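1. Sequence and predicted structure below; questions after.
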Amino acid sequence: MGGLAIPKLNIPFMGGQKLTIGLDIGSHAVKACQLTPFGDQYKLTSLGSAKLPPNCVEDGVMQDPESVGQVISTLLKNLKLKGNKVAISISGYSVIVKKISLMAMDESELANHIQTEAEQYIPFDVDEVFIDFQDLKTNTEDDERTDVILVAAKKDVVNGYIEMLSAAGLDTVIVDVDAFALENAYGTNFGGEDENVALIDIGASKININVVAKGASVLVRDVVMGSRILTETIQNHFDISPEEAEDLKIGQLEPGDKIRELEDIFVNTCNQWITEAKRALDFYYSNYPDEAIDKIVLSGGGAKVKGLAKLFAEETGIKSEIFNPFFKTNADPDKIDPDYLKNVGPEMALSTGLAIRSTNI
């Protein structure tokens, strides 16, 4: 493990490089996806998800590695996925993503500088973290300084995932950051070099926000808040099962006479998500006042809440849409139901972004 693998937006799939299984290990479920090159697009080999027992993963840290490993092994066996190489991503308090400004220098000089000066940029002991970076190459003839994305991740957390996967017979070839995996999925499908996009992934217990300006990530923020609280609020308010609450949340169960109360719960909870998104956007605008956000792209299980994109658009004044990570993916309709693929698309965004990562390993 040589550190984190930070993707550059729109890396094309290079012939001869090995495929990996994209594995998104969340707090609620594990999602797996495998793609193969298909012209200038991809072909979906297989995908699926499996729920984790409660409290197995909290704030990006495994609390019960054995149970997580068992769920992953069973899922991959059921999906009959080929190979044992996996790409994973992490987030939470154990990961720091920070944009810093440095004098422009070549790659080796930059690597040495960051390793020796990292303590001034991150709140961790440098001996306890993996460090990686990406030079955004923003320097010009008039300005010799360049913006650099610095990433630091706690070694014990990263190694915990690698050891768990190794025990399950899997070889971890990429460790990414959730926000960058999402960026990779979006960039591969839609480009983005000519627009400013806020990518917002709403998971069960966290929200990842990544503002990508003209193809480069300029702001990354994790918020400890997610769609689980909405499910639990619905469940407790109506005294129903978690499954019924989930179906009400995503519109698969008709609300009937619950409609008015349900709308109030939706608005209250979803407005909390929007408030956090607005805070991130306000921070972005404080640094880039002349670079308007063109659109908000929502993903994650929380994005399946009926009417969420419309609510985001109304509250932010920015065009909002639900992300389709399979826009450039072909799937055999006889093997994978198109309606199922459309339904699970938003929650498969991270695993898809990881699956399309290519590696020379």
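-> Looks like it arrived, so ask away. Numbering: from 1, shown residues only.
2. Strands along the stretch 1-150 of the chain, start to end?
-> Listed in chain order, the strands of the stretch 1-150 of the chain (DSSP state E, counting those that start in this stretch) span residues 21-25, 29-38, 41-51, 57-58, 61-62, 85-90, 95-103, 129-135, 145-154.
3. Deepest-packed of those, please.
-> Comparing the strands of the stretch 1-150 of the chain by mean neighbour count (mean count of other CB atoms under 10 Å), strand 21-25 comes out on top with a mean of 27. Any C-beta I mention is one placed from the backbone N, CA and C, and that applies to glycine too.
4. Just the CA coordinates for that one, please, in PDB.
-> Below are the C-alpha coordinates for strand 21-25, written out as PDB (Å, rounded to 0.1, in the frame of the first residue of the first chain):
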ATOM      1  CA  ILE A  21     -14.400  -4.600  -8.400                       C
ATOM      2  CA  GLY A  22     -15.700  -1.300  -7.100                       C
ATOM      3  CA  LEU A  23     -16.700  -1.800  -3.400                       C
ATOM      4  CA  ASP A  24     -18.500   0.900  -1.500                       C
ATOM      5  CA  ILE A  25     -18.600   0.000   2.100                       C
END
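5. ok, that strand: who's next to it in the sheet?
-> Using DSSP bridges, the neighbouring strands of strand 21-25 in the sheet come out as strand 29-38 (antiparallel), strand 85-90 (parallel).
6. wait, which of the ones you listed is closest to residue 257?
-> In this view, the strands paired with strand 21-25 are compared for proximity to residue 257 by CB to CB, and strand 29-38 is the closest at 30.9 Å.
7. now what about that closest one, what contacts it?
-> 13, 15, 19-24, 42-52, 68, 71-72, 75-76, 79, 81-83, 204, 301, 329-330, 347-348, 350-352, 354-356 (CB atoms under 8 Å, 6 or more residues apart in numbering).
8. now that strand, how far from the chain's geometric center?
-> For strand 29-38, the separation from the chain centroid amounts to 14 Å (computed by CA atoms, centre = their mean, to the nearest Å).
9. Also stretch 109-121?
-> The chain centroid and the centroid of stretch 109-121 are separated by 26 Å, computed with CA atoms, centre = their mean.
10. Would you mark the buried spots in it?
-> By neighbour count, and taking 16 or more other CB atoms under 10 Å as the criterion, the buried residues in stretch 109-121 are 110, 114, 118, 121.
11. hang on, the first one packs against residue 137?
-> No: if you go by CB atoms under 8 Å, residue 110 and residue 137 don't touch, sitting 10.6 Å apart.
12. Apart from its neighbours in sequence, what residue is nearest the residue nearest in space to the middle of the chain?
-> With the centre of the chain defined as its mean C-alpha position, the nearest residue by CA atoms, centre = their mean is residue 178, 3.6 Å away. Nearest in space to residue 178, with sequence neighbours left out and distances taken as CB to CB, 6 or more residues apart in numbering, is residue 91 at 4.0 Å.
13. So which residues of the stretch 251-361 of the chain form helices?
-> Secondary structure of the stretch 251-361 of the chain (DSSP state H, counting those that start in this stretch): helices at 259-287, 308-316, 338-344, 349-355.
14. check contacts around the residue nearest to the centre of the chain.
-> For residue 178, the set of contacting residues under the criterion of CB under 8 Å, 6+ apart consists of 89, 90, 91, 201, 208, 222, 350.
15. Check what pLDDT the first one gets.
-> By that I understand residue 89. pLDDT, the model's per-residue confidence, is 93 for residue 89.
16. hey, what's it bridged with?
-> As assigned using DSSP bridges, the partners bridged with residue 89 are residue 176.
17. again, but for the fourth one
-> With DSSP bridges as the criterion, the beta-bridge partners of residue 201 are residue 208, residue 299.
18. tell me the contacts of it?
-> Counting by CB under 8 Å, 6+ apart, the residues that residue 201 touches are 178, 179, 182, 207, 208, 298, 299, 300, 303, 349, 350.
19. which among those residues gets closest to residue 249?
-> Relative to residue 249, and with distances defined as CB to CB, the nearest of the contacts of residue 201 is residue 303, at 11.4 Å.
20. Grab the nearest non-local neighbour of that closest one.
-> Sequence neighbours aside, residue 346 is the residue nearest to residue 303 in space, at 4.1 Å (criterion: CB to CB, 6+ apart).
21. okay, now that neighbour: neighbour count?
-> Here the number of neighbours of residue 346 (other CB atoms under 10 Å) works out to 24.
22. what's it in contact with, if anything?
-> The neighbours of residue 346, taking CB under 8 Å, 6+ apart as the test, are 298, 299, 300, 301, 303, 304, 322, 323, 325.
23. Run through the stretch 1-150 of the chain and note the low-pLDDT ranges.
-> For the stretch 1-150 of the chain, residues meeting the criterion pLDDT under 70 lie at 1-19.
24. quick one: which of the strands paired with strand 21-25 is nearest residue 146?
-> With distances scored as CB to CB, the stretch of the strands paired with strand 21-25 nearest to residue 146 is strand 85-90 (25.5 Å).
25. C-alpha coordinates for that closest one, PDB please?
-> As requested, C-alpha coordinates have been extracted for strand 85-90 and formatted as PDB (Å, rounded to 0.1, in the frame of the first residue of the first chain):
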ATOM      1  CA  LYS A  85      -8.900  -7.100  -7.000                       C
ATOM      2  CA  VAL A  86     -11.000  -4.500  -5.300                       C
ATOM      3  CA  ALA A  87     -11.100  -0.700  -5.100                       C
ATOM      4  CA  ILE A  88     -12.500   0.900  -2.000                       C
ATOM      5  CA  SER A  89     -13.000   4.400  -0.700                       C
ATOM      6  CA  ILE A  90     -13.100   6.000   2.700                       C
END
